[in-house]
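> Predicted model, plus sequence, below.
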Amino acid sequence: MPRPPIDRDLFEAIRAGAERGLSPARIVDDLASTPAFAGRNPSIRTVQRIVHDLRPTTATVPWTLAGDETGEPRLILDVLAAVITETEGRRRHISTEEARWVALVEKAAQLPHFDLYLVAREYLRRDEARKDTTDLDHWLAFGPDQYEEAVRKGWAQDAR
């Protein structure tokens with residue numbers, strides 16, 4: 001039986017919690033205490049499934065300075081500091097695959113370090129699943145400030 005769709009704003013709130021290293025139970029609690037989601041709170045199983053599906057599967061080997069293959073160790077250390085800070089220590093490493101994507105995405109766009117990490121993780125997740133990245137490419141091409149206008153004009157694929 002197919003799963004019912006979940007509202008986009010609810011999905012994005014779950015994604016944001018997951019990216020900050022929150023447990024599914026904590027995400028459910030946070031959603032329940034948010035007035036905007038009143039009456040639309042998903043079950044713990046739904047949140048667990050979404051959090052699981054958002055996790056890249058090959059991102060298992062922790063990146064280390066000694067093993068750096070990106071050629072961008074300062075960048076990766078800065079991103080690592082942002083990840084630790086934004087997740088309040090719940091996430092204390094990034095994987096070698098995440099680091100590779102961080103270095104690649106950074107060459108295409110100047111973003112705050114944690115945002116760079118989030119975009120890199122999304123590219124990694126889609127790459128693993130062999131899913132299209134055209135919307136992400138368009139977002140990077142136009143930049144966050146001009147992307148919405150490009151979508152509105154039909155020039156870029158909407159990431160939502």
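Received the coordinates, thanks. Numbering: from 1, shown residues only.
> give me the element the residue nearest the centre of the chain is part of.
Nearest to the mean C-alpha position of the chain, by C-alpha atoms, centre = their mean, lies Leu118 at 3.6 Å. Element membership of Leu118, judged by DSSP states H and E, is helix 113-129.
> Which residues belonging to that helix are considered buried?
113-114, 116-125 (16 or more other C-beta atoms under 10 Å). Backbone N, C-alpha and C define where each C-beta goes, glycine included.
> pLDDT for these - can I get that in a markdown table?
What follows is the buried residues of helix 113-129, written out as a markdown table (pLDDT from 0 to 100):
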| residue | pLDDT |
| --- | --- |
| His113 | 97 |
| Phe114 | 95 |
| Leu116 | 95 |
| Tyr117 | 94 |
| Leu118 | 91 |
| Val119 | 93 |
| Ala120 | 94 |
| Arg121 | 90 |
| Glu122 | 89 |
| Tyr123 | 93 |
| Leu124 | 92 |
| Arg125 | 87 |
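> Let's see the helix or strand hosting Asp137 as PDB, backbone CA atoms only.
In this structure, Asp137 sits in helix 134-152 according to DSSP H and E. Only the C-alpha atoms of helix 134-152 are listed here, as PDB (Å, rounded to 0.1, in the frame of the first residue of the first chain):
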ATOM      1  CA  THR A 134      19.300  19.400 -12.200                       C
ATOM      2  CA  ASP A 135      17.400  21.400  -9.600                       C
ATOM      3  CA  LEU A 136      20.500  21.600  -7.400                       C
ATOM      4  CA  ASP A 137      22.600  22.500 -10.300                       C
ATOM      5  CA  HIS A 138      20.200  25.300 -11.200                       C
ATOM      6  CA  TRP A 139      20.200  26.500  -7.600                       C
ATOM      7  CA  LEU A 140      24.000  26.700  -7.600                       C
ATOM      8  CA  ALA A 141      24.000  28.300 -11.100                       C
ATOM      9  CA  PHE A 142      21.600  31.100 -10.200                       C
ATOM     10  CA  GLY A 143      22.600  31.400  -6.500                       C
ATOM     11  CA  PRO A 144      20.100  31.600  -3.700                       C
ATOM     12  CA  ASP A 145      19.200  35.200  -4.400                       C
ATOM     13  CA  GLN A 146      18.300  34.800  -8.100                       C
ATOM     14  CA  TYR A 147      17.100  31.200  -8.100                       C
ATOM     15  CA  GLU A 148      13.400  31.900  -7.100                       C
ATOM     16  CA  GLU A 149      13.100  34.400  -9.900                       C
ATOM     17  CA  ALA A 150      14.600  31.900 -12.400                       C
ATOM     18  CA  VAL A 151      12.100  29.300 -11.300                       C
ATOM     19  CA  ARG A 152       9.200  31.800 -11.500                       C
END
